[in-house]
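Student: model the structure of this input:
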Amino acid sequence: MMTLASRLGPHLPRRLLAAATDLLYPHFEPELGRLPDFCPLGGTAVDVGGWYGPWTRRLARRADRVVTIEPVPHLARRLRATAPPNAEVLQAAASDHSGTATLWLPPGGRGDRGVSSLVRREMHQTALDVPCLPLDELGLTGVTLLKIDVDGGELAVLHGAAATLARERPALFVELELRIQPLGPVLSLLSSLGYAGWVLPARTWTPLADFDLAAHQRRTAHVAEHGLLRRSLAPHRRYVNSVLFLPAGRRPGPAAPGPRG
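Tutor: Numbers count the residues shown, from 1 in each chain. I've put the predicted structure just below:
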């Protein structure tokens, strides 16, 4: 289903689209407005699945450096045109191997809906070969946050970042949706790596252990079909589809300054 935002987006001037996205997105995904709770100042933040760039531009206000991975060519070009000077945009798909991968897109083959993925779903009809890379190959240091929105490819991204996670112990913000794949494999992997999950169903962070994410998503699945505009204008219809993972023992809250440079 094409949403109003995905129909209009390709036709808006780049700067206007960026401004509109930045205005609406914190209502659509309120965790973006709570960055101080889990993203310290300084260091390097990584945005996997940049789309139109709301996370990239907001992260650039806090991090010394932002590295954004976006596989859809025209979205990567748009993002480069609106990204701040301290943000680097790589046109590639984050995965667990380097080389080339098949990116699947919905009908029309543009990817503006933000549902392109290396994992094919029923909605996908168009295939596009894109470069892929493991995040570990980038040799990033001072990593404070890794945000992952890849519609089903989360495990591959995490496996490809195993050395970075072990060395840097960044916060992880991962989109997880039961309607796309089971939640268990990602939750088990991150638990084995010493991470604990947190969600923001209202104004207060709640331990994932105390929140039945699968049951919540089954109950509110109809909201997931609403587009950016509709969900932003009706924020009380909350569909929680992202989890903040922090090293065990750390809680969301005003973060201490991170590494500089």
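Student: in space, what's closest to Thr206 - neighbours in sequence excluded?
Tutor: Val199 (5.5 Å; CB to CB, 6 or more residues apart in numbering). For glycine as for every other residue, the C-beta is placed from the backbone atoms N, C-alpha and C.
Student: if I pick the one you found, what's in contact with it?
Tutor: Contact partners of Val199, counting by CB atoms under 8 Å, 6 or more residues apart in numbering, are Trp205, Thr206, Leu208, Phe211, Leu213, Val240, Ser242, Val243, Leu244.
Student: in contact with Leu155, which residues?
Tutor: Leu155 is in contact with Asp96, Pro185, Val186, Leu189, counting by CB under 8 Å, 6+ apart.
Student: hang on, the earlier thing: got the phi/psi numbers for the residue nearest to Thr206?
Tutor: Per-residue torsions, Val199: phi -130, psi 160 (degrees, to the nearest 10).
Student: what about it, distance to Pro73?
Tutor: 33 Å (CB to CB, to the nearest Å).
Student: do Arg237 as well
Tutor: Counting by CB to CB - Arg237 and Pro73 are separated by 33 Å.
Student: likewise Ala81?
Tutor: 13 Å.
Student: just the contacts of Leu155: which are in helices?
Tutor: Counting by DSSP state H, the part of these found in helices is Pro185, Val186, Leu189.
Student: what strand or helix carries the residue lying closest to the last one once chain neighbours are set aside?
Tutor: Think Leu189. Leaving aside its chain neighbours, Leu189 sits nearest to Leu158 (6.1 Å; criterion: CB to CB, 6+ apart). Following DSSP states H and E, one finds Leu158 within helix 154-160.
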